[in-house]
Structure formats: C-alpha cells, structure tokens
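# Got a predicted structure here, sequence first:
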Number of protein chains: 2
Amino acid sequence: MTASTDTSLAHSLQKVLDGRWADTRRVVREHIQADRVVPRAGVPLDEYRAQMLEAMRAMVPLGFPAQGFTAPDGAPGDPGAAITAIETLGYGDLSLMVKAGVQWGLFGGAIENLGTREHHREYLSGLIDLDVLGCFAMTETGHGSDVQQLETTATYDATTGEFVIDSPTPSARKDYIGGAAAHARYAAVFAQLRTAGPGQEETGHGVHCFVVPLRDADGNDLPGVTTSDCGYKGGLPGVDNGRILFDRVRIPRTALLNRYADVAPDGTYSSAIESDNRRFFTMLGTLVRGRVTVGASAGAAGRLALTLAVKYALHRRQFEGPGDGGEMLLLDYRAHQRRLLPLVARAYAFALAQNEVTAQLHEVQSAPADSVDPDVMRRLETMAAAIKVGHSDLASRAAIEARTACGGAGYMAENRLPLIRDDLDVFTTFEGDNLVLTQLVAKHLLTAYAADVDDLDTVGWVRFAASMARDVALEKTAVRQILQSVRDSSDESPEDSDLTDYQTQLALLGGREDHLVRTVAARMRRAGDDDVDAFEVFTQTQDHLIKAGRAHIDRLALEAFETAIDALPEDAPQREALALVRDLFVYSTLEDDLGWFLMHRFVSVERAKAVRRGVNDLCERLRPLADDLVDAFGVPAVALEVPMLT
Amino acid sequence: MTASTDTSLAHSLQKVLDGRWADTRRVVREHIQADRVVPRAGVPLDEYRAQMLEAMRAMVPLGFPAQGFTAPDGAPGDPGAAITAIETLGYGDLSLMVKAGVQWGLFGGAIENLGTREHHREYLSGLIDLDVLGCFAMTETGHGSDVQQLETTATYDATTGEFVIDSPTPSARKDYIGGAAAHARYAAVFAQLRTAGPGQEETGHGVHCFVVPLRDADGNDLPGVTTSDCGYKGGLPGVDNGRILFDRVRIPRTALLNRYADVAPDGTYSSAIESDNRRFFTMLGTLVRGRVTVGASAGAAGRLALTLAVKYALHRRQFEGPGDGGEMLLLDYRAHQRRLLPLVARAYAFALAQNEVTAQLHEVQSAPADSVDPDVMRRLETMAAAIKVGHSDLASRAAIEARTACGGAGYMAENRLPLIRDDLDVFTTFEGDNLVLTQLVAKHLLTAYAADVDDLDTVGWVRFAASMARDVALEKTAVRQILQSVRDSSDESPEDSDLTDYQTQLALLGGREDHLVRTVAARMRRAGDDDVDAFEVFTQTQDHLIKAGRAHIDRLALEAFETAIDALPEDAPQREALALVRDLFVYSTLEDDLGWFLMHRFVSVERAKAVRRGVNDLCERLRPLADDLVDAFGVPAVALEVPMLT
C-alpha cells in the first residue's frame, strides 16, 4: 500500500496532522523503523547513554540536524523541519530525543542565537556533525525557575582579557544538565557577568551566556571544572544528566556569546538593550525553540502511549458481552471509552496547535535576524509557553491513563508504557515548570504582551497590571476581538445555539478566558491603591491567574483545531471525523470545568446535563473510528511491536 | 524527646492516625529505621530480589508474620496487627511490602482461609518463618479482572487419587505472579475443578484453589512446570513477578484447599454451598485481607510522598518575596498550597477510613470461623473494595503531584519520589482494578448487599437490580438512614447551614451518593421491561454507576474522619486542627465535583463560589500547621534522608 493511493480515513487524517513538514516526519519515522529506536528497560546507564550517542551519529546524515542552523554561506536553515524531526523522535525513544535536543537545540541554539559570526564559524559545523559535543548549563541547584537569580559568576579580568567562571556557593552548582555527566566537552554556561570599565568599579550586568570547555579529548574534567553524575532519574536513562562546579575557570573574552552585549578588551560593557532584565529576556526569547520542541516531543510520546492503549482496548476482551458474542472488547465499555477517547481528542487539538506554533516559530526564525517585530516575538513566546504546558500536561496524563487502562500488561516494561510514562514525566518540569509557565502566559495576557513587564519584580508587575487601563489592556487581546466577531455573526443566545457549532464552542471557551482575565485584572487593580500590599494581592489571586492561563491554552487549541478543519476543502473526507473529534475535545473540556461554567452562568443546568450526555454520545460515535484515529498519528510499526498486542 | 512527654500537635495528631495498632506501627518504624529499609534505583533485579528475601527473614522475629495466623494451639491471631505491620512497610520499600504481602498475606491467607487443619499443620509454621516460600497464582494472561473465567484446569483422576493441573491454552498461563519468577517453591493455584463421581460424567465445579509445588530445593522447575520471568516492570524491582505454565502436573487429592468444597477419593464432589458462583465468591471473600492490606500500604507510601513534598516546599525558596524577606518558600505560594494541602487532607481522611476497615476485618477474622453474618461479611467486602480504590487512587495521585511539586529535584532517583511513584502505580491495578472495584461497590449499593447477585452475569444482574423494588432497596442502604437523621436533627436548609458543620458536609456528600444511587437504579428499572436490552442498559449507565461508587467512597472517608474526631475528648488539643483538615477534605471534594453539585441544585452559585474561596482560605489556615500535619504521619527519619532536604 503506497501512501498516494491510500484513501483510508486514517491516511486522510494523518495528512492533516502531519501538516507542512510531512516529509521530515516520514524520514524520521522510517529511521525509527529501520534502526528500531524504542525505549528499553534494564540497560545499564553507561551503555544506554553510549547507545544514544551512537544513535545521534546515525541521524546526522538524515540532514535535519543541519537544517536547524544558518548555513556557512548564510543560507537560512529550516527551523520547522528541525523541530518536527525532534518531535517525531517522541515516537521512538525520548532519551534520544532529549540528547539530540540538548545538542542541536539547546547547545546549538545558544551558539546560533546568542553568538555571532565567529562563534558560528568556530562551532556550528562541529556541533552539527557531533565533533563538538555540548550541553546547556543554565539551571543551578539553587535556582531553576527563577533564572535571573543564578549565582554562577563570570568576572572579566582586563589584565588577561579573560572571564573567570566561578561557582561561589554550593547552590551555584549547575544541576540536572543533560550531557554534563559524561559526553559534553563544552557547555553553554549562563552566569552573572561582572566587569569594570577603565577606572570604574566592577558592576554586574545580569545573566549572559559563555562557551566553556569542560573536558579534554579523553573525557577528563579540565582544570577548575568538577563534573558529577545525577545518576538514576525518574526516567530518561539514556541521558547523562550531571552537575558542574567551576573553580575560577578562565576562558577568553571571545567566549562570551555576544550578540546582545559585549565586553571590550578594556572591560567596558556595551549592549543595545539598556535594561538588564529586558536584555536577559530578549536572550531567553531566542531560545524559545527548546520550549517548542519539548512540547512537540511530549505530544508525540503521548500519542504513542494513546495508540498503545487504544490498540490494546481493541484487542483485549474481558467479561461476557451480550448474547453469544463472547467477551467484550475493552473499548466497548463506556467507562473505557471515557478514559481514552477524550484524551485522543485532546491529542488532536494539541497536535494541531503544536503545528501552528512550530510554523510561527519557523517564520520568525527564518526571517533576517533583528527584523522581527518585538510584539510578534512576544506573542510567539506566549504561545510557545502555552502549548508547551498544554501538550506536556496532556501527554503526561495520557501516559498515566494509558498504563492504567492496560492493567497488569500496562505495568510490564516489555509493553513500554511505564517507560514512556517515566520519560515523559519530567517534560512538565524542564524547559519551564508548567505552573510557572502558565502564570507567565496569564501575565502576558493581562498586560497585553507589554514587554515592559519583564523589568519588574512581582510587586512591580502587579502594580503595573493594576495601573493599566483595564479596557485598553483587554481591547488589545485577541480574544476580545474574536468574541466580538462571534457576537456579530450570531443573533442566537449562546444558550440556544448548537453546542456542536464552532462559534458556540469558541464563545464558551473564549468567553471563559475573557471573563477570567477581566476579573483577575479587576482584582489586581486594587493593588494600585496605596494602602494595599501588592504582594498580598498577587498571592491572593495566584490561583485565579493560573486558571486564566489554562483557559487561554484551551482556547488556543480549539482555534488551531478549527483552523485545520477550515483549511480542508468543503468535501474533504476527513472533515466529519475531525469535527466529531473537535466536539469531543470541547465537550470534555467543558465537562472538566462544568462547575465554573455553571457558576458563571455560561451554561444552564440543562445544557450542563447535555454536555455530560454529549461526552457519552460522542465517545459512542467515535468508537468505530478509534483505530483510524490512532493510526492517523502515524506511529512507526516497530513502536507497536509489544507482547500485549500480539 | 520521648513519645510520652511529647505535647506537640504532630504528636497528638499521630496518636489519632496511629490508632489501635500503634505498637505495631512503632515496631515496624523502628525496624525500617534500624535496617534502613528504603527504595533504591539501579540495583540489578536479581540482587534486589535477593535482598528483599533477606529483608523478609529479618522481619520474622518481629512477630507480626505469625500474628496473621491462628496459632497451632488454636489461639486466634491478631489480623489487625498483621495488616498494620505490612501497611507500615509502605514507609520503607514497597518491593518489600509486596513480597511480604504475597508470602504472608496472599499465599498464607489462602492456606489459612481456604485450607483446613491438615493444610495448616503442613504449611503454616513453615510459611511464617520462610522455610516454605509461596506465591498466589490467580491471574492469567487471558483473565485478570474476570476471575471466574480462568482457564487453568484441575481435573481429578480417581484412578490415582490425584488432580491434574494443566494450562490448556497460552492464555491460561499464570501471569504477573509475585514470587513465581524466582523464589516461590509453592503456588496457591486457582483452577477450574473438574471431576466425575462414580459412574457420572466429568463436570466442572468452578474455580478452586490448590497447593502446587513449583520448584525443587535448588530452585529448578519441577517436571511439568515451566516458570518464566516478567522482567522489568513499571516499578517494584525487588518483586520477582513471573509466569507459570502447567503441563499435566499431578498433585495429591489433599492438595485441594478444601474448607468450602471437597472431592472424595472416588471423585464425588461435595460442598455446603450449592451455587458454583456463590461458593467462588465466598472463597474470594475470605481473601479480603489482601485488598485491605494493599489499600493500607498504598496509603502509607502516599503519605511518605506527601511528607517529602511538603518538607521540600518548607525548605526550598524561589522568586523574591515581599519586602526584604528574601526568596519565598514554595509552600507560601497559594498555587503550591493548593497542589499539596488538599491531598494531605484527603490522606488524613483515608488513613482514618483505612483504620476503620482494618478494625472491621480484624473483628470478622478474629471471630470463630463460620460464625460471621454473611451480611456483615458482604459489607466488609464492599468497604474493603471502596477503601482500596480511594486509598490507592489518592496515593498514586499524591506521588505524581509530589514528584512534580519538587521540580527537577523530584525527578532524581536519589530523592526517591520517582521510585515511590513507580512502585505505587500498580496498586490501582492489582488486588482488583480500581474501575472494576468501583463498579462492584456501586453494584452492592444498588442491590442492598444482596448476595444473590453474585450468581448473575451482567444481564442477569441488571435485571435483578431492575426487579428490586426501588424503595425497598434504598431504605436498606446506610446512607438513607444517615440522611434521614441529618434531616431530623436540623431545621435549617442545607444552603443556609454552615459548610464547616459536619452534618451539612454529610448532607452534601451523602446526598450526592443517595441521589446517584437512586437515579441509576431508576434508569436500570427500564431493563426490567421486556423490550429493553438489559446489556445495553448496563452499557448506557456504566459511567453513572461508577460515579455512584465514587460518591460512596468519599462519604465513607468523611464518616471515618468524623468518627475519629468524635472519639476524642471535647478538649482534646488536636480537635481544632483535625476539623480544619476535615473541612479542607470536604471543600476540595466539593470543588472537584462542583459541576455536579450545581447541576443537581445541591449548592447554589453563591455557595459554589464560597467553596472555591473556602479551599483557599483553608489552605492558608493550614499552612502554619503543614509541618505538623506531615510529621504526624510518623514517617521514619531514614525515609526523609534525601539530598533535596539537606
């Protein structure tokens, strides 16, 4: 069966999900299949790590590692392809995905985006073909989410023209760094830059990134560098996470990745961006690719887990069915449909939202550097954070539910579900803790993406949000405009309108977001009063703020879903199935938060009951399509070769 | 500091939680501390398993293994102590808990409860002191939840006076059996008994249990027995789960555990219980101890995970706080309080409910055999299933949330949270899949614990439920009587009454249960009509049925909580804190299902908003007590000696 003549529903759905970089997906799927890239249990750490390094080498010829970078001749890369390739490794082995992501995405991304021409010349070709192995040394034992408080110092010594990299305290130790335990020979180190211009006092300029050699060719720590091994983790056994302590390590002045700031030989600091905070967030912003990739790969692994569980539910029988039909398939039980199919629907929504954010990032990072509108960049960062949270949360939940839904078989490592669950778990933590990111999303919404807020600490931020004219802030948010156009196009009250109508769905999910953002803004305005403790206001509204962020994430996913359906021809064969899947996504999202919708009179009691019935009804209608729905994920056959499915 | 002079809140709370078998808890805690019993990562399977066997041997002198059994002189054991001891191992290493539970609880329990005097004489002292290592071979590859469909056969051969144990199909293979991969020399094998009386045709009598030798003294499979290893699992690396195939293995007639049925030398089958189904469920019922133990141990491990996460949240600081106070403790963030404290409150509720079910089982199993009222037994089975579901669900969620709440540190094996999460995961599956058990609980509620329903298949059961006069059925349920007395004692409408008042809380959680049971019963009555497909009715109402079961579980936990508070003197120092914890349990339970309570007009919109605010408020009020609340769990110090807490 060749793809071109395949008229199955699964195939037509897969085309929608595969989207723009379908060719890249195909290449990586074929590679996973040919090289049998699957997670394994019980392989000793050293062996697993070494195998992952070999597996990375095998991927260099596939071309996508190079696509992540500007070519030596200045030709732009294909960031979308690079991200999609790493995403697709989520169907194989997340240990490989993370090691590849660290090397080509994080370490490579730091060189590409924070460095300048000299750094590109020195490192890019080597890091693409793995002669130069690197790691990304941001997180420290003492600080993870609050990166601005990192303690590692990079102090410029004008007498020798060197930076001195140092870990002044135990909590300044770089921690959990992928690659640091064994394979990395270089690190992109984030540290507080301190320098004195001629005749001036030494001052700090905030966090900057430096290329620091860690090991010699034999793998021994260089003088002043002490690495250690994080050992066993909750998953990802093939990733050599480690710790790094620096004891006054000297590196040349040119090791500063100086795209946004530089230090002259005499120690004079210069940057086009005046504010330390703003500069720092600008630098961080260029690293958004890591966040997009992590969400994407988590999503793929979540789809793999759901595919395994749905296939098992279509294979496993238990308890007598009606009449003489023998035992029932698990997926014919309503309770079993309810535990899996809403997750499948949500997986569709986020896969499509992921494609959108990948495409947006591709546009931004394919454009000539510095030509990007800061407002566009800021919206992209917000969306990247939102989809990372939504996708990794979903994937983690899906893996846990898939394991449980497969009972004892699901607990056997040979069936891989526990391995997927274990590997996925940390995706809700790394590249931004999901709770912290959700808060970030909500903050951006509340301040209409104003970049100024990055300069502010919590109290300052609350006061800023309070000071913004509420209507101005909210007029600018996309959701307001959308809701207005929904209202303009309908003369029905939402309560009477059809819940399977996209406009109604958007009015509900968008309306929830709008209401939450408006009300949290109103609460924060109190913080503008002189006699109010702004920090207390923040604390009091944190759960409200986070709920606003979550509502935004759901709305983004719904819009992406509809955009994908909308792009299909009117008579496209997959339209009907996709609309059903979208409906289940919306109904189950409503059901999960029915208390809120009722409390705020967005739905009546009658409608609330209809939502609950609707989830059941949609599960029943999607049950016959279940196999196609997961086949459309395009999981390579080798990933499904497990004992429980034979 | 000695316990007797300790007047701290933690100490007084611990006394409540420790309950009746506090001495047993102390002994096991001290043992965990002295032997440093903690879960470890990266230990090779064989080594870990061997260590667990050694650790079991070290526990024999503690005395609790013997307490699980009737003494040779006929003196009753102390089942409550035996269960509590295994529960407390949940603070140590769940691999050890499961291996101990298999040997003394499941294998030992089968001998004790299904066997007769000869079996006790032959096996009990050996299995207590570990000369006789056994396993519990019930689950097969083809059938787990539906035990009545097991395929292994035990065919009586009157010519030799033997049973022939056989696995006639690949799906008849015994699977996931703890101990079968390596250590067990005997198995309690569940198999379909087939025999022919003199001159009669061979007939089946349903599933019975047989003692079958598996291995010789050197550990080699005996002739006809083929064991294999399940290898790596999603956790529990110290448990040697394996598979067993029987190829016409001959065992003597006396190997039948013949308390409830026997086969005479001539092949005549006899049993005091006529119905095959009823007999089977009577046998299963005596094994309820396993289910109670599993829920209890899961609960302990969940409390350990919560202790680690709360302690970390009281240790770790991140992001600037107000004024010059430096960085904030994680637990001072509302979002962090909300993710941990409601779980702590729920852990209190279920720890207390667990104590109650343990005590009930103790009474039943300390009474002379066969003197137990079948109705009491049936209610105990229902409660055991309910608490197993509630406790293991909670524990699994707590371990996942605890891992996540500790960020990157939470993902390091050295901090043990991933190991606890992995080990706990399967507790929602084994000793009865939680979804299947929740359904069982609801079925018992619906048919007022009528034992008759065990004879029925799904269709028969639905018709039976339908045929019962609705009011009769429901008058008999405890919740009806409780609600009536709540109504009698109050002339306030629930909406006006204080939500921190226990009677109001019970009216809400009990009312939800009552409403769900009544409405699902009403829907099932339709199945009594001739033109209705009873199976279809079951399928259509399955989610409703399961929701009724869940509501019952929450109500049980609330009642147990109140019973424990009620037992304290009026001026007891821990009363106020316990009431706050109970309130948080209730408020967060209401919040989780607010849609339902609103839809069914159990709460008004105003009250719903008060619930949400109330969760925040209670979190804030419990925040200063958080350390005491987890200290009261009494986790041994060694279990908290992890790098992230130093």
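Noted; the coordinates are in hand. Numbers count the residues shown, from 1 in each chain, chains lettered A, B, ... in the order given.
# B:G42 versus the residue in the stretch 151-300 of chain A positioned nearest to chain B, what's the distance?
Proximity of the stretch 151-300 of chain A to chain B (CB to the nearest CB) peaks at A:G234, 2.9 Å away. C-beta: built from backbone N, CA, C; applies to glycine. Using CB to CB, to the nearest Å, A:G234 is found at 13 Å from B:G42.
# out of the two, which sits in the more crowded spot?
A:G234 (24 against 12; other CB atoms under 10 Å in any protein chain shown).
# Identify the residues contacting the residue lying closest to the more buried one once chain neighbours are set aside.
Here the nearest residue to A:G234 in space, its sequence neighbours aside, is B:P418; by CB to CB, 6 or more residues apart in numbering or on different chains that works out to 2.9 Å. Contacts for B:P418 were tallied using CB atoms under 8 Å, 6 or more residues apart in numbering or on different chains; they are A:K233, A:G234, A:G235, A:D422, A:D425, B:A41, B:R403, B:G410, B:Y411, B:M412.
# for B:P418, helix, strand, or coil?
helix (DSSP: H, G, I helix; E, B strand; the rest coil).
# So for it, what's the pLDDT?
According to the prediction, B:P418 has pLDDT 98.
# what do you get for A:A451?
Confidence at A:A451, expressed as pLDDT, is 66.
# what do you get for A:V520?
Value for A:V520, per-residue pLDDT: 91.
# any common contacting residues for A:G234 and B:G42?
B:A413.
# give me phi/psi at the residue of the stretch 151-300 of chain A closest to chain B?
Dihedral angles of A:G234 (phi, psi; degrees, to the nearest 10) stand at phi -70, psi 0.
# Surely it is in contact with B:A409?
No - using CB atoms under 8 Å, A:G234 is not in contact with B:A409; the gap is 10.8 Å.
# so A:L558 makes contact with A:L590?
No - with contact defined as CB under 8 Å, A:L558 does not count as touching A:L590 (10.9 Å).
# Those two: which is more packed in?
A:L590 (27 against 23).
# so is the more buried one in a helix, a strand, or just coil?
The three-state label given to A:L590 by three-state DSSP is helix.
# Kindly report the residues of the stretch 101-250 of chain A close to chain B.
A:139, A:143-146, A:149, A:175-176, A:230-235 (CB under 8 Å from any CB of the partner chain).
# Can you tell me which of those is closest to B:T646?
A:D175 (14.2 Å; CB to CB).
# And the strands in the stretch 401-550 of chain A, which stretches?
Here the stretch 401-550 of chain A has no strands by DSSP state E, counting those that start in this stretch.
# Oops, could you answer that again for chain A instead?
Counting by DSSP state E, chain A has strands at residues A:134-137, A:153-157, A:162-166, A:174-178, A:186-195, A:203-213, A:225-229, A:241-246, A:249-252, A:261-263, A:269-271, A:317-320, A:327-329.
# Quick one, which of the ones you listed gets closest to B:R550.
strand A:317-320 (20.2 Å).
# avg pLDDT for that closest one?
Mean predicted confidence for strand A:317-320 is 87.
# How far away from the center of its chain is it?
Relative to its parent chain, strand A:317-320 has a centroid offset of 39 Å by CA atoms, centre = their mean, to the nearest Å.
# go on, stretch A:361-373?
19 Å.
# same deal with stretch A:271-288?
21 Å.
# which outside residues touch it?
A:106, A:109-110, A:113-114, A:147-148, A:204-209, A:260-262, A:361, A:377-378, A:380-381, A:384, A:451, A:454-456.
# Equivalent analysis for stretch A:553-567, please.
A:16, A:346, A:348-350, A:352-353, A:355-356, A:383, A:386-387, A:389-390, A:438, A:441, A:479, A:482, A:502, A:505-506, A:509-510, A:512-513, A:575, A:578-579, A:582, A:585-586, A:589.
# ditto for stretch A:255-264
So stretch A:255-264 is in contact with A:110-111, A:113-116, A:119, A:154, A:156, A:163, A:188, A:193, A:195, A:205, A:208-212, A:253, A:269-273, A:279, A:282-283, going by CB under 8 Å, 6+ apart.
# so what's the residue of the stretch 251-400 of chain A found nearest chain B up against?
Chain B sits closest to A:P322 of the stretch 251-400 of chain A, with a gap of 3.6 Å, by CB to the nearest CB. A:P322 makes contact with B:V459, B:D533, B:F535, B:E536, according to CB under 8 Å, 6+ apart.
# Reformat those into TSV and put pLDDT next to each item.
Below are those laid out as TSV (pLDDT from 0 to 100):
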residue	pLDDT
B:V459	78
B:D533	84
B:F535	83
B:E536	86
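# so what's the closest residue to chain B within the stretch 1-150 of chain A up against?
Nearest to chain B, among the residues of the stretch 1-150 of chain A, is A:A41, at 3.6 Å (CB to the nearest CB). Counting by CB under 8 Å, 6+ apart, A:A41 makes contact with A:A413, A:E414, A:P418, A:L419, B:G231, B:Y232.
# in stretch A:60-74, what's buried?
A:F64, A:P65, A:A66, A:Q67, A:G68, A:F69, A:T70 (16 or more other CB atoms under 10 Å in any protein chain shown).
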